[in-house]
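What follows is a predicted structure for the sequence shown.
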Amino acid sequence: MSGERLEGEWRCSACGHGEHLCGCAIAVVYGRLEANGELTEDHVTQDGLFEDSVECIVHQSTAPLERWIAGAWCRFQRCEKCDGRGETQRPREFGGYSRHFCRPCNGRGGHWVPVAEAVMVDA
């Protein structure tokens, strides 16, 4: 794959490209409603890709995914404080736990770092 990279472009680190990636997103489908209740697809608008759903169908969860951000390939680094959940839990005085927004990762569960700076973790 050659040419200009697009900001936010995804790839599998093992494949070296994004041809085998799949994921889930919110979509709005516009179309005509048939008499049988089926919707004929005229136009689909995608909104809100669930980033944690993106995976390579060849390597599944065995190879990290990378994104082209600010001119470099980056990997998602999970937050050490919340372990990628975006929130922390503290024990309550009378039992149970209270949930709190994770400040280090701003509730995102981690952040994208250039591949050269990413800490390699065994899956």
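Noted; the coordinates are in hand.

Of all the residues in the strand ranked longest in the chain, which ones are buried?
With secondary structure taken from DSSP state E, the chain has its longest strand at strand 39-56. Within strand 39-56, the residues that qualify as buried by neighbour count (16 or more other C-beta atoms under 10 Å) are 51, 54-56. C-betas here are computed from N, CA, C, even on glycine.

That strand - what's its average pLDDT?
If you average the pLDDT over strand 39-56, you get 84.

quick check: angle from the next helix or strand after that strand to strand 39-56?
Sequence-wise, the next helix or strand downstream of strand 39-56 (DSSP states H and E) is strand 65-69. Put simply, strand 65-69 runs at 100 degrees to strand 39-56, going by axes from the mean of the first three to the mean of the last three C-alpha atoms, to 10 degrees.

Secondary structure class of the residue of the chain positioned farthest from its centre, three-state.
Relative to the mean C-alpha coordinate of the chain, counting by C-alpha atoms, centre = their mean, the farthest residue is residue 35 (38.2 Å). Classification of residue 35 using DSSP: H, G, I helix; E, B strand; the rest coil returns coil.
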